[in-house]
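Participant: Dropping a prediction and its sequence here:
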Amino acid sequence: IAYSPDGRYLAFLVDTDSDGSTENDSSNDGVWLLALDPTTGAPTGGAAMLLRDCPPELGCALVMRPDAPYQYRSLAMTWSPRADALLVALELPEEARRGLVVLTPERANPAVRPPVLRYDDGTWANDGVRLIVSGRGPDGRMIVGSIAPDGSDAQLVDVSAFGLAWAQSAVQRPDGQIVFLGSQAGQSGPLRLYTIGGTAISAVIGSTSAVRAAWSPDRSAVLVVTVGNGLLEDYIVSADTG
């Protein structure tokens, strides 16, 4: 679930296809929206669907998909700072990668798949207008940078110029600086925190790749979870001091 910053909406995912049961109505899988009274938090009406997933097959039969990707599954959602749009992370099983879609509640149509942006990771920029992206871009290069919500005006840096083989979890800090987690050894290598200019902020974080990374709301620190000696290890890395 994801509450909008102004308290007017609750977005949530339905994923009945993941539990292995054949008794679910899997045509409901996807992203939904519930309008709320921001004062009381009570719903002001019924839930409305914004994006219908495909798979499951019932969803595929109900959605117009004019071009690839023809299969996509919603993974997570992030509201824009202005609470006027949702950024949804997708799994693209046919392409063995991830992608992004931007949903505007007033204009979303679950019967038509919206344009898919082929970037592995995405967050909102400070202005709530642009997106900060990282990971594989549309051409497969490992990048960090920003794009418009429709994918245009891409301002990207190829991290191979810094000797890096992997990039993820990029965000824009309050001062406008873009930082990201990167590795010289690809997806399997331990991460460090970098600026978009390729300067390392931190030492190597743990001894293995991250199983999870999550930024604090104010972008002052990032939580990196790795595995060491068979146990989960949690590291909190300051974006100011490393």
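Facilitator: Looks like it arrived, so ask away.
Participant: Least confident secondary structure element in this structure?
Facilitator: Each helix and strand of the chain was given a mean pLDDT (mean pLDDT, DSSP states H and E); the minimum falls on helix 57-62 at a mean of 91.
Participant: what does that one contact?
Facilitator: Asp25, Ser26, Ser27, Asp29, Gly30, Arg52, Asp53, Cys54, Tyr70, Gln71, Pro110, Ala111 (CB atoms under 8 Å, 6 or more residues apart in numbering). C-beta: built from backbone N, CA, C; applies to glycine.
Participant: and these, which of them are in strands?
Facilitator: Secondary structure assignment by DSSP state E places Gly30, Arg52 of those in strands.
Participant: quick one: which of the contacts of helix 57-62 is most hemmed in?
Facilitator: In terms of neighbour count, Asp53 stands highest of those at 28 neighbours, by other CB atoms under 10 Å.
Participant: Correct me if wrong: that residue contacts Asp29.
Facilitator: Yes - if you go by CB atoms under 8 Å, Asp53 and Asp29 touch, sitting 4.3 Å apart.
Participant: Quickly list what's touching both of these two.
Facilitator: With CB under 8 Å, 6+ apart as the test, Asp53 and Asp29 both reach Asp15, Asp17, Gly59, Arg73, Ser74.
Participant: Out of these, flag the one nearest to Thr104.
Facilitator: Proximity of the shared contacts of Asp53 and Asp29 to Thr104 (CB to CB) peaks at Ser74, which lies at 15.8 Å.
Participant: Neighbours of the closest one, how many?
Facilitator: Neighbour number of Ser74 under other CB under 10 Å is 21.
Participant: would it count as being in a strand?
Facilitator: Yes - assessed by DSSP: H, G, I helix; E, B strand; the rest coil, Ser74 belongs to a strand.
Participant: Beta-bridge partners for it, please?
Facilitator: Leu90 (DSSP bridges).
Participant: Tell me if I'm right that it and Ser18 touch.
Facilitator: No - taking contacts as CB under 8 Å, Ser74 lies outside contact range of Ser18: 11.2 Å.
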